[in-house]
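1. Here is a sequence with its predicted model. Questions after.
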Amino acid sequence: MSARVLILSGYGLNCEEETQFAFQHVGLEGRIIHINDLIEAPNTLDDYQILAVPGGFSYGDDTGSGNAFAQKMKLALWDALKAFVSRDTLTIGICNGCQILSNLGLVPGFDGAYGERDVAVTYNQSARYQCRWVDVAASGSKSPWLAGIERMHIPVAHGEGRFMMSYETLERLQSGGQVAFSYIQPDGRAAGGAFPYNPNGAVADIAGITDHSGRVLALMPHPERGMFTWQRDDYHEMKDAAQRNGESLPEETDGLALFRNAARYFND
């Protein structure tokens, strides 16, 4: 039996169907459940192995992106959430979901101390909404989400995607292997904070982090929007180059690897 994925919806989350499709495409059973229905039956989480908090603009980003939704979850679901992440499960938060997991304190969750808000995901340095494709390097080697991934070309779409934290927290993230993704330039060099390679001004070019176990992943880019070659911003250039060289373009591209890794974690 394949792993089951619970994908949250409600109050402005708006990427649940794309996220469900991504998991189903790799052979997992994905079910979209409204947050209120989960609050009514928190033990529903016991029937799932993966929790996905998708992107969107929950509560219109009022009081800060992801904050209101995180508070709703913390007040009504905290015990169930802690029990879930303490099992051999996987959790992913994408964009608004990343902001929610950060506000909840499910990342970075140093030494299993969930609930402490050690990082903030706040307004872009440009003070503008950024919607573009970026390059990121994977560095969280202990995370099952990242197995075999070295880099990805992947879209971002956010107004508040800037990871901020204390120097002490940054040092703990880096030394503990909890920086999952970092923004880079197309040639592979670090973005160095330079726009547009780092689209939001995040500290140390951070695009995503994990908890101490590596099983909880929070990232600002959207892997579910970059699964197929035809979705890429450079698709026509890739297509022309392939035709000139007498080659065929692969159907799949970088973002799908995350979801395949989730399936492989439970099926291997």
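-> It's in.

2. starting at the chain centroid, how far to the helix or strand hosting Glu171?
-> Using DSSP states H and E, Glu171 sits in helix 167-175. Here the centre of helix 167-175 is set off from its chain's centre by 20 Å, with C-alpha atoms, centre = their mean, to the nearest Å.

3. and the helix or strand following that helix, C-alpha only, in CSV?
-> Reading on from helix 167-175 to the C-terminus, the next helix or strand found by DSSP H and E is strand 179-184. Output in CSV follows, covering the C-alpha atoms of strand 179-184 (Å, rounded to 0.1, in the frame of the first residue of the first chain):
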residue,chain,number,x,y,z
VAL,A,179,19.6,24.5,5.4
ALA,A,180,17.8,22.6,2.7
PHE,A,181,18.0,25.0,-0.2
SER,A,182,20.0,28.1,-1.0
TYR,A,183,19.5,30.5,-3.9
ILE,A,184,22.3,30.4,-6.5
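
4. how big is the angle separating strand 179-184 from helix 167-175?
-> 100 degrees (axes from the mean of the first three to the mean of the last three C-alpha atoms, to 10 degrees).

5. which stretches of the chain form strands?
-> Assigned by DSSP state E, the strands in the chain fall at 4-9, 29-34, 50-53, 90-94, 119-122, 130-138, 151-158, 162-165, 179-184, 206-210, 216-219.

6. How much space separates Leu38 from Leu170?
-> 33 Å (C-beta to C-beta, to the nearest Å). (Each C-beta comes from the backbone N, C-alpha and C, glycine too.)

7. Look at these two and report which has more neighbours.
-> Neighbours per residue (other C-beta atoms under 10 Å) separate Leu38 from Leu170, with Leu38 holding more: 22 against 18.

8. need the contact list for the more buried one.
-> By C-beta atoms under 8 Å, 6 or more residues apart in numbering, the contact set of Leu38 is 6, 8, 44-45, 77.

9. Next one: Ala70 relative to Asn96, how far apart?
-> 10 Å.

10. Which of these two has more residues huddled nearby?
-> Using other C-beta under 10 Å, the more surrounded residue of Ala70 and Asn96 is Asn96, with 28 against 24.

11. And stretch 24-33, what's buried?
-> Residues of stretch 24-33 classed as buried by neighbour count (16 or more other C-beta atoms under 10 Å): 25-26, 28-30, 32-33.

12. Going along the chain, name the helices of the stretch 1-150 of the chain.
-> 16-25, 35-40, 67-86, 96-104 (DSSP state H, counting those that start in this stretch).

13. Go ahead and confirm Cys98 touches Met220.
-> Yes: contact between Cys98 and Met220 holds when scored by C-beta atoms under 8 Å: they sit 5.3 Å apart.

14. Just want to know which of the two has more residues nearby.
-> Remark: of Cys98 and Met220, Met220 carries more neighbours, 32 against 28, as counted by other C-beta under 10 Å.

15. what sits against the more buried one?
-> Listed by C-beta under 8 Å, 6+ apart, the contact set of Met220 reads 95, 98, 121, 156, 158, 161, 163, 200, 202, 207-208.

16. out of those, who's nearest Asp240?
-> Val156 (25.3 Å; C-beta to C-beta).

17. where does the stretch 51-200 of the chain have low pLDDT?
-> Applying pLDDT under 70 to the stretch 51-200 of the chain flags residues 140.

18. if we go to 80?
-> Filtered on pLDDT under 80, the stretch 51-200 of the chain yields the residue ranges 140-141.

19. Could you give me the buried positions within stretch 165-182?
-> 165, 169-170, 172-173, 176, 178-182.

20. whoops, I mixed them up, stretch 111-128
-> Applying 16+ other C-beta under 10 Å to stretch 111-128 flags 114, 118-125 as buried.

21. Stretch 218-232 now?
-> 218-229, 232.

22. Quick one: end-to-end distance for it.
-> Length of stretch 218-232, first residue to last, C-alpha to C-alpha, to the nearest Å: 22 Å.
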